[in-house]
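Q: have a look at this prediction, sequence included:
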Amino acid sequence: MITLTKKFEFEAAHRISNYEGPCLEIHGHTYKLEVTISGPIDPVTDMILDFKTFKNLVKKSIIEQFDHALLLKDNEENRKLFEGYAGKIAWMNSEPTAERMLQGMADTLQRLISAPAQLDSLLLYETSSSFACWKNSIG
C-alpha cells in the first residue's frame with residue numbers, strides 16, 4: 001500500500017470553556033497538521049492523487065477555516081463573551097480541543113476525498129511535543 005502525506009501549518013487561538021485552569025483563557029498555538037491518504041495508483045496518471053490537488057483540497061476545506069481564527073465552542077457563554085468581537089471566529093459544536101478538531105477535520109476530508117483514494121490518518125500538533133492522531137478504522 002502506498003500512502004501520501006501532506007503537511008500544513010496554521011495559527012489559531014482558542015479557549016476551552018469547560019476547563020478549570022489556564023486553558024480557560026484565550027491562548028494561541030502554531031498548529032501543524034499532517035494529512036495522509038492511501039489508495040491504488042491510477043494507471044493513467046501514475047498517482048494516487050496529484051499533490052497540488054491534495055494541497056488545495058485541504059487548504060480550502062480545513063486551513064482557510066482555522067488559520068488566524070479564534071476557535072470557540074458554540075455555547076451561550078462564548079456567544080455572550082464574544083458578541084462584540086470583530087475578528088474571525090470558527091464556531092465549533094464541541095470544545096476546540098485537538099481531539100475534537102481532528103474529528104471534525106476527518107469528517108470533512110472523508111466526504112471530500114474521492115474513492116478509490118481514502119483518508120488514512122491525521123496528526124495535529126498543538127505544540128512541538130503534543131499531538132493527537134486520528135486513524136481510519138476502515139481498510
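A: Received the coordinates, thanks.
Q: quick one, longest helix in the protein?
A: Determined from DSSP state H, the single longest helix within the chain is helix 98-112.
Q: what about the helices in the chain?
A: 51-58, 64-66, 76-81, 98-112.
Q: which residues sit against the shortest one?
A: The one in question is helix 64-66. Outside helix 64-66, the residues that touch it by Cβ atoms under 8 Å, 6 or more residues apart in numbering are 10, 12, 31, 90, 101. Yep, even glycine has a C-beta here, placed from its N, CA and C like the rest.
Q: for the longest one, same thing?
A: Residues lying outside helix 98-112 but in contact with it, judged by Cβ under 8 Å, 6+ apart, are 33, 35, 57-58, 61-62, 66, 71, 92, 94, 118-119, 122, 124, 126, 130-134, 136.
Q: give the buried residues for stretch 7-24.
A: 8, 10, 12-17 (16 or more other Cβ atoms under 10 Å).
Q: which two from those end up farthest apart in space?
A: The two members of the buried residues of stretch 7-24 with the most space between them (Cβ to Cβ) are 8 and 17, at 26.2 Å.
Q: now do the most centrally placed residue in the chain, the pLDDT please.
A: By Cα atoms, centre = their mean, the chain has its centre lying nearest to residue 105, at 4.3 Å. On pLDDT, residue 105 comes in at 98.
Q: again, but for residue 1
A: 82.
Q: now it. Nearest residue, chain neighbours left out?
A: residue 38 (5.6 Å; Cβ to Cβ, 6 or more residues apart in numbering).
Q: again, but for residue 27
A: The shortest distance from residue 27 to any non-neighbouring residue, by Cβ to Cβ, 6+ apart, is to residue 13 (6.4 Å).
Q: identify the bridge partners of that neighbour.
A: Beta-bridge partners for residue 13, by DSSP bridges, are residue 28, residue 70.
Q: and it, how far from residue 101?
A: Distance of residue 13 to residue 101, given as Cβ to Cβ, to the nearest Å: 13 Å.
Q: give me the common contacts of these two.
A: residue 71.
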